[in-house]
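1. Predicted model, plus sequence, below.
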Amino acid sequence: MYMTVIREYRETDKNAVIDLIRQNTPEYFALEEEADFSNYLDSERELYFVLLLNKEIVGCGGINFTDDKTTGKISWDIIHPQHQGKSLGAQLLKYRIEKIKSINGIQKITVRTSQLAYKFYEKQGFTLKEIRKDYWAKGYDMYSMEYNGH
């Protein structure tokens, strides 16, 4: 039996979450995305969470908002490769969806992902809206999706 906890990201978590993106490169992230992620953590983060399994950080993911605060954007979802397929990503995503839904004025929830992960979001109630080839990096297309769940 394992115990999971989701809590807000702390600056002291940075090395652990940077390690998570490294563990998922190049399978899910392009090499150059690590610098973007580091910058996001330092200066673009709005709400960011870590998922702990038996007190160890094994996942992370955030929420950002459009300037008019009508759209909640799921951002930078990362789960350690050894813990993928255990519903931890779904647990972290559902937590954030509920958090977004509790905020007044939010009209939609979106995510921008790649061809490598969009099926996961589809299973969680997101619908594909747009594809942009080589958007994140060569071979990493952007899949824009919108949440249709309840």
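-> That came in fine, so what should we check first? Numbers count the residues shown, from 1 in each chain.

2. In contact with G61, which residues are there?
-> Y48, F49, L51, I74, S75, W76, D77, I78, L92, L93, R96 (Cβ atoms under 8 Å, 6 or more residues apart in numbering). For the C-beta atoms, the positions are set from N, CA and C on the backbone; glycine is no exception.

3. can we see that at 6 Å?
-> Applying Cβ atoms under 6 Å, 6 or more residues apart in numbering, we find G61 in contact with D77, L92.

4. Only C-alpha atoms, please: export the host helix or strand of it in CSV.
-> Using DSSP states H and E, G61 sits in strand 56-65. What follows is strand 56-65 as a C-alpha-only set of coordinates in CSV (Å, rounded to 0.1, in the frame of the first residue of the first chain):
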residue,chain,number,x,y,z
GLU,A,56,9.1,11.2,-2.4
ILE,A,57,8.3,13.7,-5.2
VAL,A,58,7.3,11.5,-8.2
GLY,A,59,5.1,14.0,-10.1
CYS,A,60,4.3,17.6,-10.6
GLY,A,61,1.9,19.8,-12.5
GLY,A,62,0.6,23.4,-12.6
ILE,A,63,-2.2,25.7,-13.4
ASN,A,64,-1.9,29.0,-15.1
PHE,A,65,-4.6,31.4,-16.2
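
5. pLDDT averaged over that strand - what is it?
-> What strand 56-65 shows for mean pLDDT is 98.

6. can you check stretch 85-97 too?
-> On average, stretch 85-97 scores 97.

7. just how off-centre is it within its chain?
-> Computed by Cα atoms, centre = their mean, to the nearest Å, the separation of stretch 85-97 from the middle of its chain amounts to 10 Å.
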